[in-house]
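1. sequence and predicted structure below; questions after.
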Amino acid sequence: MPSMAPVELDFLGLRPAAAAAAAADHNHHGSTTSSSSSIRGMKTSAIASIGAHQLRRVIVGDVEAPPKQQAPMTVFYNGAVATFDGVSQFKAEAIMKMAMEVTTSNGGRVVVRGDAFAGNLSKDDMPLTRTKSLQQFLQKRKERLSGLGPYQLGMGPGGTSRVGAATTNKSFHVKEEAAA
Amino acid sequence: MGGEVPEPRRLSRALSFGCGAVPEEALHLVFCYVDDPRDREAASLVCRRWHRIDALSRKHVTVGFCYAVEPARLLARFPRLESLALKGRPRAAMYGLIPEDFGAYAAPWVAQLAAPLDCLKALHLRRMTVTDQDIAMLVRARGHMLQVLKLDKCSGFSTDALRLVARSCRSLRTLFLEECTIADEGSEWLHELAVNNSVLVSLNFYMTELKVEPADLELLAKNCKSLISLKMSECDLSDLIGFLQTSKALQEFAGGAFFEVGEYTNYEKVKFPPRLCFLGGLTFMGKNEMPVIFPYSAMLKKLDLQYTFLTTEDHCQLIAKCPNLLVLEVRNVIGDRGLEVVGDTCKKLRRLRIERGDDDPGQEEQGGVSQIGLTAVAVGCRELEYIAAYVSDITNGALESIGTFCKNLYDFRLVLLDKQKKITDLPLDNGVRALLRNCTKLRRFAFYLRPGGLSDVGLGYIGLHSGNIQYMLLGNVGESDSGLIQFAMGCTKLRKLELRSCCFSERALAVAVLQMPSLRYIWVQGYRASQTGQDLMLMARPYWNIEFAPPCPESAYRVMADGQPCVDTYAQVLAYYSLAGRRPDCPQWLVTLHPA
């Protein structure tokens, strides 16, 4: 069963509220605290100002909820990182909504900075894809260089036999390296 | 083409002198000289009479998105259409981002138009699902008249349908099947084509997997003396010697492959026809095989090296021999050095495409293109109209240079690859501003960066200086919703927008759409989506269809045509103007939010 992509929530307020106290609260949830004071320059006070008890209630509240495909929820706040298991999509959204409300009621504009937001997306989440033809060509190239594929066995794609002994591939290798 | 087009209002007055009834024939004749679709659109709005004359005399229509209008409506307005082009799946389908069951079926179009359109002789379907039955129906209705059949990146049919076309469409001048997914039931279709057709000018089954017999190609060359262009699936060049000798009029050839690397002697005998000026395919061609094309390099106007095994140095050597190139397509292994050779040698270059090579760790190709190469090309090739480049590094200066030197640029696409950690000069705000301000002929623009690549200010510049740009693809741009709104407020002429991997909210997307008066189509993937797409309803309005693919875990189970899971795990938004109302054939994963 393929795992869901991790849901990452990023709360940025413009007010650097004192989140240190909140950070201490969250520690006992088993978070991994990084010692750096900020992650990619983000200020993450919103969730810190929610309050640990509120947050806990929202997350852990529904104990009977069947654990479907629930990816771990990672929360970044003021230089600390917390990961929670068993957070469903709806709860995650509820938390986000709550954080937005808290932040806007504090008068701060919630701005999701592009670099921080996308920085939470790992490189593999939204990869640049290729066209099919280019992908197929590069796959064949890989096979040739690593000595795999039909060419090694001396069989061309048409099914007719070709002179494709290991020596051919080796000499190709040598030429490739010399030319590179 | 005829003389000047008289200004509509003056003409109407002139022709209303004398008797009350103005000969329709006169207006018809005048209209025949008006080709440009925008001019036609304007003329059709002058009065009912002109609308009717335009409708009866319009030769060609392109339907930009097949769900924008119903076939019956098209037929009612343009009953004498000679040529029709339809586009289906979103562009992202070319990159494997749209599941196979999206739709875009040719069936309703063929069923309702093939017979009634008495004058139809050219059909072009792009990214649509076409079945054997559809083609059979088309052939039954129009086979005797069909001159041009282009199935462009389509899927769903087999070579059986091609056999039918080959047997029945004896007036066929152009058969285009590039990049189609075709079930291969045998190569008889090509034999039938060779036997039944004598007027074929262009045959293209490039980038398909079809297997054909070289003997049939030779027969085709013998019978079709006017064959100018053949682009085919991979076939060893040594098997094509006979065909190349027979096809004396051939000017364009793509698809030969060098399966026996290192065995140059097999390819020594390959001689291309005397008028050859376009070469493509050349799959696996390496340094040792390159000499095969040296005798023709000075004549070459178009060269596609995307599927070769050439190194940077090989590119330098080859391109130095091609001073007459108009079109060049390469992978980024060409490197900055290769681009410098292009800048020095190819002074007439109009189109340059630099694709993304293998950058998997361990397989990395030496090379990669940066601001150095781009600048060299800009300075050296002043006639450039189209630049598409996957770059590893970039600076504002390079973009400024392009703006300064490439005044004829019509289509510019830049993708910043994500392998290199540190980019020399980000954000690209000033560079993109300079480029857009100076390239006033720009109509199509793509800018795909990384976080930090373009600030909100830069995104605003793109909007402000969008000029006459009609199509844009933007990826990883901006920092916040306000950047998007700023951008949208500037894009007065933008008709089609694609956004990917951006930080914008649903609400901002909807508001932005409302700011763009010419926008008729938008596609988004990778944004801050909700489960329901609720905020998208902010842009609900008459004739504006809003379709939404929610971000659900099941998308991981969606399967592509080749059995691989769908890479799309992110919400998509597809919104477009439509006179056809709600789509009747949406797949399950695509929800129509509006009309309800």
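-> Yep, it's here. Residues are numbered from 1 along each chain as shown, chains lettered A, B, ... in the order given.
2. for the chain, which spans come out with low pLDDT?
-> This is for chain A. For chain A, applying pLDDT under 70 flags the ranges A:1-87, A:89-90, A:92-93, A:99-125, A:148-180.
3. meant chain B actually
-> In chain B (pLDDT under 70), the answer is B:1-22, B:262-264, B:363, B:552-569.
4. 50 instead, please
-> Where chain B drops to pLDDT under 50, the residues are B:1-2, B:17-20, B:555-556, B:559-560, B:562-569.
5. roughly how far is the top strand by length along it from the heart of the chain?
-> Using DSSP state E to define each element, chain B has its longest strand at strand B:229-236. Taking CA atoms, centre = their mean, to the nearest Å, one finds the center of strand B:229-236 at 20 Å from the center of the full chain.
6. got the CA positions of whichever helix or strand comes after it in PDB?
-> Counting by DSSP states H and E, the next helix or strand C-terminal to strand B:229-236 is helix B:241-246. Taking only C-alpha atoms (Å, rounded to 0.1, in the frame of the first residue of the first chain), the coordinates of helix B:241-246 have been written out as PDB:
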ATOM      1  CA  ILE B 241      19.600   2.700 -47.400                       C
ATOM      2  CA  GLY B 242      17.200   1.500 -50.100                       C
ATOM      3  CA  PHE B 243      14.500   3.900 -49.100                       C
ATOM      4  CA  LEU B 244      16.800   6.800 -48.900                       C
ATOM      5  CA  GLN B 245      18.100   6.100 -52.400                       C
ATOM      6  CA  THR B 246      14.700   5.800 -53.900                       C
END
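7. now do helix B:241-246: which elements does it pack against?
-> Contact partners of helix B:241-246 among helices and strands, from 3 or more CB pairs under 8 Å, 6 or more residues apart in numbering or on different chains; DSSP states H and E: helix B:214-223. All C-beta spots, glycine's among them, are computed from the backbone N, C-alpha and C.
8. is any residue of stretch B:161-179 near chain A?
-> Yes. Using CB under 8 Å from any CB of the partner chain, we find that stretch B:161-179 touches chain A at B:E179.
9. output that stretch as PDB, nothing but the C-alphas.
-> This file holds the C-alpha atoms of stretch B:161-179, laid out as PDB (Å, rounded to 0.1, in the frame of the first residue of the first chain):
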ATOM      1  CA  ALA B 161      -7.700   1.800 -38.400                       C
ATOM      2  CA  LEU B 162      -4.600   2.900 -40.200                       C
ATOM      3  CA  ARG B 163      -5.100   0.100 -42.700                       C
ATOM      4  CA  LEU B 164      -8.600   1.400 -43.400                       C
ATOM      5  CA  VAL B 165      -7.300   4.900 -43.900                       C
ATOM      6  CA  ALA B 166      -4.600   3.700 -46.200                       C
ATOM      7  CA  ARG B 167      -7.100   1.800 -48.300                       C
ATOM      8  CA  SER B 168      -9.800   4.400 -48.500                       C
ATOM      9  CA  CYS B 169      -8.200   7.800 -48.400                       C
ATOM     10  CA  ARG B 170      -6.500   8.000 -51.700                       C
ATOM     11  CA  SER B 171      -6.300  11.700 -51.700                       C
ATOM     12  CA  LEU B 172      -4.300  11.800 -48.500                       C
ATOM     13  CA  ARG B 173      -1.400  14.200 -48.700                       C
ATOM     14  CA  THR B 174      -0.500  14.300 -45.000                       C
ATOM     15  CA  LEU B 175      -0.800  11.500 -42.500                       C
ATOM     16  CA  PHE B 176       0.500  12.700 -39.100                       C
ATOM     17  CA  LEU B 177       0.700  10.300 -36.100                       C
ATOM     18  CA  GLU B 178       3.500  11.800 -34.100                       C
ATOM     19  CA  GLU B 179       3.700  10.600 -30.500                       C
END
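10. hmm, who's touching that stretch?
-> Identification of contacts with stretch B:161-179 by CB atoms under 8 Å, 6 or more residues apart in numbering or on different chains yields A:132-133, B:121, B:124, B:131-132, B:135-136, B:139, B:143-153, B:182, B:188-190, B:192-193, B:196-197, B:199-208, B:231.
11. from the chain's centre, how far out does it sit?
-> Distance, stretch centre to chain centre, for stretch B:161-179: 21 Å (CA atoms, centre = their mean).
12. in that stretch, what counts as buried?
-> B:161-169, B:172-179 (16 or more other CB atoms under 10 Å in any protein chain shown).
13. mind checking which of those residues are in strands?
-> Those of the buried residues of stretch B:161-179 lying in strands (DSSP E): B:T174, B:L175, B:F176.
14. quick check, B:Y543 in contact with B:A580.
-> No. Using CB atoms under 8 Å, B:Y543 is not in contact with B:A580; the gap is 9.4 Å.
15. neighbour-wise, which of these two wins?
-> A direct count of neighbours by other CB atoms under 10 Å in any protein chain shown for B:Y543 and B:A580 places B:A580 higher, at 16 against 13.
16. how near is the more buried one to B:A161?
-> 27 Å (CB to CB, to the nearest Å).
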